[in-house]
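*Asks:* sequence first, then the predicted structure, then my questions.
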Amino acid sequence: MTARFGAKSSPHWLIVGAWWQVAAPEEFTGNLLLECDGRSYVMAIDDGSLTASEDVAKERDGPVAQEVFTIIKVSDARIAIKTAFNRYVTVDDNDDGVVYARAEAIGALQLFQAVWTDETHVSLRGPNKKFLSILPGRRCTCNKNQMDLGTTFQAFSCAERKEKKKKDDYNIEGGSLKNMEEAFAMRFQSGKNGKWQVSEEDARDLGSARRQGRLHESLLDRRAKVKADRYCK
């Protein structure tokens, strides 16, 4: 796996290891580390409280289990956060926004909203409409009315990265004649619902064209006849 370079303040092991910096909302899911001040990481304690590690992470070989959180997408706008102890992060609105992780299920008090401040920094708005905040050596709370010191995080993921296929990567030289023509169409069409418009003519004609060394020319001719292809006039 190739690691993405993070911010300059990020620990060395995050840069060269399996963890890469999250830089898009759709990547903010699954097992993540939450960096809270450029050197410390949010940590779950076995008594249900949350704090930030006081030691410098770059002096270690990697994260400890308590620093790994699982982000669960509940809806388009809401997430839940599960700790390594299989408990969900909860905001106690009746106790000045104290945050703990003892809930075994997701309810209203376990729902957060990820608010991106830039490409790589995210804040977490709790169910009480206030922002979660944490500083090294202090207990986590969710009582900030606006983004302030300790409310912004950088996230790092260890999920396998999937590279999107470019249109030029589709192979038109192998496979069945039907698949070959569809792969060719993918180069020129965006596709609707995963479907591409191809010629209704007999695909066996392509076999003859391939044997005669004029496959590409034949594919272009057939594409020109497809009225739904906006590139053909």
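*Replies:* It's in. Small disclaimer: the values here were computed from a predicted structure and weren't measured.
*Asks:* switch to C-alpha atoms for all contacts and neighbour counts from now on
*Replies:* Noted.
*Asks:* quick one: residues contacting Gln154.
*Replies:* 21-22, 34-36, 120-122 (C-alpha atoms under 8 Å, 6 or more residues apart in numbering).
*Asks:* among those, name the ones in strands.
*Replies:* Members of the contacts of Gln154 lying in strands (criterion: DSSP state E): 21, 34-35, 122.
*Asks:* look up how far Gly38 lies from Leu135.
*Replies:* 11 Å (C-alpha to C-alpha, to the nearest Å).
*Asks:* quick check: of the contacts of Gln154, which lies closest to Tyr100?
*Replies:* Comparing the contacts of Gln154 against Tyr100 with C-alpha to C-alpha picks out Leu34 as the nearest, at 16.1 Å.
*Asks:* so that closest one is in contact with Thr51, correct?
*Replies:* No - proximity of Leu34 to Thr51 does not meet the contact threshold set by C-alpha atoms under 8 Å, at 11.3 Å.
*Asks:* list the residues that contact both of the two?
*Replies:* Taking C-alpha under 8 Å, 6+ apart as the contact criterion, the common neighbours of Leu34 and Thr51 are Val42.
*Asks:* from memory Ile79 sits against Lys73, does it?
*Replies:* Yes - with contact defined as C-alpha under 8 Å, Ile79 reaches Lys73; the gap is 4.5 Å.
*Asks:* this protein - how does it break down into domains?
*Replies:* Taking automatic domain parsing as the criterion, the chain consists of the domains 12-157, 167-224.
*Asks:* can I get those domains in JSON lines with mean pLDDT?
*Replies:* Shown next, in JSON lines, are the domains of the chain (pLDDT from 0 to 100):
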{"stretch": "domain 12-157", "mean pLDDT": "87"}
{"stretch": "domain 167-224", "mean pLDDT": "61"}
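*Asks:* just say which of the ones you listed is most tucked in.
*Replies:* Stretch with highest mean neighbour count among those: domain 12-157 (a mean of 19; mean count of other C-alpha atoms under 10 Å).
*Asks:* quick revisit: and which of the contacts of Gln154 is nearest Asp46?
*Replies:* Taking C-alpha to C-alpha as the measure, Leu34 is the one of the contacts of Gln154 closest to Asp46, at 17.9 Å.
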